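>>> Got a predicted structure here, sequence first:
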Amino acid sequence: MVNAGGGYTHTQTGRLRIVLLIAAGIFLAIGYFAPPEAARRPVFAAVAVVCIFLSFAFEHLTIRDEGDRLGVRFGPLPLFKKTIPYAEMTGVKRSCSTFLAGWGIHWTRRGWLWNIGGLDCVRIEMGSRSVLLGTNDPDGLIAFLLSRIGPGRGAGEAGA
């Protein structure tokens, strides 16, 4: 949403935290029911702890205006964040992720994807590079970005 001062802030809550907590529970259960002499028990416990830790990093995704750049941050534990200077943006397009592309942060054939849930994305082009930001407010984000980088830098529909 565009703030009264002209900036943009939007936070989307996703299901990735729930998926990570379920995975932690499964790893704890496997470790608990493994034979006591199995050396795997500590490994399952360690993986469960990592899943719980990461669940706090992937509770929501916030996209916001930071003056001369767009800030993208998973949280509330701010382990994963990035900024994209408006001056580097050469275009923005509405796009769509796929179910197979999933959630989190990873490389796709169209660039880096930052997504917490859903399939709607905004593709930000920076010359030959691009980044896809998952959002449940694609129209609002595109309108804001076009106001920062200027119209005529694209707002069309990008294919999957």
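Yes, it's here. Because the structure is predicted, anything quoted here is derived from the model rather than measured.
>>> Look up how far A46 lies from the most far-flung residue of the chain relative to its centre.
Within the chain, the residue lying farthest from the chain centre (C-alpha atoms, centre = their mean) is E37, at 40.3 Å. In this structure, E37 lies at 18 Å from A46, with C-beta to C-beta, to the nearest Å as the measure. In short, each C-beta sits where N, CA and C put it, glycine included.
>>> Likewise for L54?
13 Å.
>>> ok, these two, which is more surrounded?
L54 (20 against 12; other C-beta atoms under 10 Å).
>>> now the strands for this protein?
Taking DSSP state E as the criterion, the chain carries its strands at 9-13, 60-65, 69-75, 81-85, 91-96, 104-108, 111-115, 120-126, 129-134.
>>> Quick one: closest of those to R41.
R41 lies closest, by C-beta to C-beta, to one member of those: strand 104-108, at 27.4 Å.
>>> helices and strands around that closest one, which ones?
Contact partners of strand 104-108 among helices and strands, from 3 or more C-beta pairs under 8 Å, 6 or more residues apart in numbering; DSSP states H and E: strand 111-115.
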